[in-house]
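Chemist: Give me a 3D structure for the following:
(3 chains)
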Amino acid sequence: MAKRLMEPFLWSAFSAGGVVAAYLIPVHLFLFGLAFPLGWVPSPSPEALHALARHPLARIYLFVLCSLPLFHWAHRFRYTLYDGLQVKHLNEVITAFCYGGAVLGTIAAGYLLWNFR
Amino acid sequence: MPNEAGSTPSYTEFHPRWYRKRVSTYWWLWNWSYMKFVLREISSVFVAWFVVVTLVQIRCLREGSVAYAQWQAWMRSPLLLALNAVSLLFVVLHTVTWFNLTPRAMDLRVGGKRVPGLLIAGANYLAWAVVSAIVVRIILGG
Amino acid sequence: MAETIQLEVTRYSPERDASPGVQTFDVPCRKEWVVLDALNYIKDSLDGSLAYRWSCRMGICGSCGMMVNGEPKLTCATFLASYAPGPVRVEPLQYFPVVRDLVIEMSDFMRKLKGVKPWIIRPEEKPLAEGEYLQTPEQLDAYKQYSMCINCVLCYAACPVYGLDPLFAGPAAIALAQRYNLDSRDQGASERMDILSQHEGVWGCTFVGECTKVCPKNVDPAGAIQRYKLAAAKEWFKSLLMPWGTK
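Modeler: Down below sits the predicted model:
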């Protein structure tokens, strides 16, 4: 049997990340990026947010929110570089940069959320 | 027709010289359909940007009110407001294109008949509205 | 309506030219004419050396594909008058090597088509005495759309990934593989998966969607490819988590 190809797995990660990004990012970005800073909606206090984020379910939610969309970006950006800039010959560099970046972000999210007191 | 080796010289077929045009690096610039596609793909960069902002937010939240207030001040700076406004546009572009394309990736059949794509996309939009409302409620209601 | 319309036609003679040039022709602009009629007029009355492919002139053989004003079209199905007052640019199909004038070299597509094994694969045929393979209307419906492909390769001319990556299998080949994978009489899905799951087979596709837009037969190759990716991904996880399943 041929060596196991990673592409189906990477595409699945891309899809899962795409779904998470599609459903959750707009509302989060709207609130924290525009509505709260511009004062359209009163921002909850840091204490209230801290209490909210401490909950184990909230931390899992935030981990998924930060990790999967990064894999979505990694896969899509890799192909954008291949097709847009035609740099397919830099294949290994691009792959390392994209998926490596996603892995690093995931590790950062895991570290930040693991002991969130 | 090619002959056996060592026999009389064989006829070499004339092979026309094909012309191959190299695809320009700007193939996506001159065609609106291609441009729409590239904009959709670029939305992934703004998705990654959101994750970066959120990771910083989580870190500041961990470190206490002072750090968080600094993060909030950063988010209020004109540069970041502009960047996040643009990001929101691209992220919504991602959502819309994603929901519109989802029905094409699946062949859902109920009772033998294919479920119309509009229904599947519509269900996604509805779910998006509901999920967003829930998130707002949780963040604001506390 | 204007009397004539100008056509800007690509000319390329490999013995004579280093690269393609353009020759303009003034052609009568008849209401019922298609671009193919204009090309035939040119060949009959103006310049008999123009080379191009055509056959059925009714949109079923898939021979007459060309770029008309930058879009892949069947010239027998594209009305001339809709481009009035012109000029109309007629070029050979994009992303294929040009043999001469408007004629392209299609053997890359032929090779890829053969590679996906577009025929019913069964390890064992039913004995003749048992009769035909029966198929319900629902089973036919599962693959019918993909069977409408006329191999006109307009989808390849629309696909930027095919233009950029010579190893990409391409929309029509994958859609035709799906036509057989989804056929209830076929048992060759795993054989085709080994071929298509090669790095460039299917995975180069980024769902641009142009192929479906230009397809004259509504085959929706983009949809076929995405469904294929989903099936391949499921198969990947299945074989990872349940490796004891025999195939």
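Chemist: The one helix or strand A:Phe14 maps to vs chain C: in contact?
Modeler: Secondary structure assigned from DSSP states H and E places A:Phe14 in helix A:7-29. Yes: interface with chain C: helix A:7-29 contributes A:7-9, A:11-12, A:15 (CB under 8 Å from any CB of the partner chain). In short, each C-beta sits where N, CA and C put it, glycine included.
Chemist: What residues of the helix or strand following that helix count as buried?
Modeler: The helix or strand immediately downstream of helix A:7-29 is helix A:46-54, counting by DSSP H and E. Residues of helix A:46-54 classed as buried: A:46, A:49-50, A:53 (neighbour count, 16 or more other CB atoms under 10 Å in any protein chain shown).
Chemist: Which of these sits closest to chain B?
Modeler: Taking CB to the nearest CB as the measure, chain B sits nearest to A:Pro46 out of the buried residues of helix A:46-54, at 4.1 Å.
Chemist: Show the buried residues in the residues of helix A:7-29 next to chain C.
Modeler: Taking 16+ other CB under 10 Å as the criterion, what is buried in the residues of helix A:7-29 next to chain C is A:7-8, A:11-12, A:15.
Chemist: picking up where we left off before, which residues are contacting the helix holding A:Phe14?
Modeler: Outside helix A:7-29, the residues within contact range by CB atoms under 8 Å, 6 or more residues apart in numbering or on different chains are A:64-65, A:68-76, A:99, B:47, B:50, B:54, B:84, B:87-88, B:91-92, B:94-95, B:98-99, B:124, B:127-128, B:131-132, B:135-136, C:197, C:199, C:203, C:229, C:232-233, C:235-237.
Chemist: Let's see it as CSV, backbone CA atoms only.
Modeler: Presented in CSV, the C-alpha positions along helix A:7-29 are these (Å, rounded to 0.1, in the frame of the first residue of the first chain):
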residue,chain,number,x,y,z
GLU,A,7,-3.4,15.4,2.6
PRO,A,8,-6.8,13.9,3.6
PHE,A,9,-6.1,14.6,7.3
LEU,A,10,-4.9,18.2,6.5
TRP,A,11,-7.9,18.8,4.4
SER,A,12,-10.1,17.6,7.3
ALA,A,13,-8.4,19.9,9.7
PHE,A,14,-8.9,22.7,7.2
SER,A,15,-12.6,21.9,7.0
ALA,A,16,-13.1,21.7,10.7
GLY,A,17,-11.2,25.0,11.2
GLY,A,18,-13.3,26.5,8.5
VAL,A,19,-16.6,25.6,10.2
VAL,A,20,-15.4,26.9,13.6
ALA,A,21,-14.1,30.1,12.0
ALA,A,22,-17.3,30.6,10.0
TYR,A,23,-19.6,30.2,13.0
LEU,A,24,-17.7,31.8,15.8
ILE,A,25,-15.2,34.3,14.6
PRO,A,26,-17.5,37.0,13.3
VAL,A,27,-19.4,37.5,16.6
HIS,A,28,-16.2,37.4,18.6
LEU,A,29,-14.4,39.9,16.3
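Chemist: Near chain C, which residues of chain A? Just list them.
Modeler: A:2, A:4-5, A:7-9, A:11-12, A:15, A:76, A:79, A:82-83, A:86, A:88.
Chemist: Most widely separated two among these?
Modeler: Greatest spatial distance in the residues of chain A next to chain C: A:Arg4 and A:Gln86, 28.3 Å, computed using CB to CB.
Chemist: more neighbours, these two?
Modeler: A:Gln86 (15 against 11; other CB atoms under 10 Å in any protein chain shown).
Chemist: Is that one within a helix or a strand, and which one?
Modeler: Counting by DSSP H and E, no helix or strand carries A:Gln86.
Chemist: ok, so what distance separates it from C:Lys117?
Modeler: For A:Gln86, the distance to C:Lys117 (CB to CB, to the nearest Å) stands at 31 Å.
Chemist: Look up phi and psi at C:Arg100.
Modeler: C:Arg100 adopts backbone torsions of phi -170, psi 140, taken as degrees, to the nearest 10.
Chemist: is it true that it touches C:Arg16?
Modeler: No: the criterion here is CB atoms under 8 Å, and C:Arg100 misses it with C:Arg16 at 10.2 Å.
Chemist: Look at these two and report which has more neighbours.
Modeler: Neighbour count, other CB under 10 Å: between C:Arg100 and C:Arg16, C:Arg100 has more, with 24 against 8.
Chemist: Please name the residues that touch the more buried one.
Modeler: For C:Arg100, the contacting residues are B:16, C:12-14, C:51, by CB under 8 Å, 6+ apart.
Chemist: now it, which residues is it bridged with?
Modeler: Beta-bridge partners of C:Arg100, counted by DSSP bridges, are C:Val103.
Chemist: For it, give me the pLDDT.
Modeler: Looking at C:Arg100, its pLDDT is 92.
Chemist: Ok, C:Gly201 next?
Modeler: Predicted confidence (pLDDT) for C:Gly201: 81.
Chemist: In contact with whichever residue of chain A sits closest to chain B, which residues?
Modeler: Proximity of chain A to chain B (CB to the nearest CB) peaks at A:Gly33, 3.3 Å away. Neighbouring residues of A:Gly33 by CB under 8 Å, 6+ apart: B:50, B:53, B:75, B:80-81, B:84-85, B:87-88.
Chemist: Including pLDDT and neighbour count, could those go into TSV?
Modeler: Listed next are the contacts of A:Gly33 as TSV, based on pLDDT from 0 to 100; neighbours: other CB atoms under 10 Å in any protein chain shown:
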residue	pLDDT	neighbour count
B:Phe50	97	27
B:Val53	96	21
B:Met75	95	21
B:Leu80	96	16
B:Leu81	96	15
B:Asn84	96	22
B:Ala85	96	14
B:Ser87	97	24
B:Leu88	97	18
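Chemist: can you tell me which of those are in helices?
Modeler: Residues of the contacts of A:Gly33 located in helices (DSSP state H): B:50, B:53, B:75, B:80-81, B:84-85, B:87-88.
Chemist: of those, closest to chain A?
Modeler: Closest approach between the ones in helices among the contacts of A:Gly33 and chain A, by CB to the nearest CB: B:Asn84, at 3.3 Å.
Chemist: what comes up buried for the longest helix seen in chain C?
Modeler: Secondary structure of chain C per DSSP H: the longest helix is helix C:221-241. For helix C:221-241, burial by neighbour count (16+ other CB under 10 Å) applies to C:221-233, C:235-236.
Chemist: Return only those of those residues found close to chain A.
Modeler: The overlap between these and the neighbours of chain A (CB under 8 Å from any CB) comes to C:229, C:232-233, C:235-236.
Chemist: List, out of the residues you listed, those positioned next to chain B.
Modeler: Restricting these to those touching chain B (CB under 8 Å from any CB) yields C:Lys229.
Chemist: what number of residues lie near B:Trp18?
Modeler: Neighbours of B:Trp18 using other CB under 10 Å come to 14.
Chemist: Quick check, C:Val219 in contact with C:Tyr143.
Modeler: No: taking CB under 8 Å as the definition, C:Val219 is not a contact partner of C:Tyr143, at 10.9 Å.
Chemist: In terms of neighbours, single out the busier of the two.
Modeler: A count of neighbours by other CB under 10 Å puts C:Val219 above the other of C:Val219 and C:Tyr143, at 24 against 19.
Chemist: Mind listing the residues bridging to C:Gly21?
Modeler: C:Arg11.
Chemist: OK, contacts around it?
Modeler: Contacts of C:Gly21 by CB under 8 Å, 6+ apart are C:10-12.
Chemist: Can I have the buried ones of those as a ChimeraX selection?
Modeler: This is the ChimeraX syntax for the buried subset of the contacts of C:Gly21, where burial follows 16+ other CB under 10 Å:
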select /C:10,11,12
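Chemist: All good on my end, thank you.
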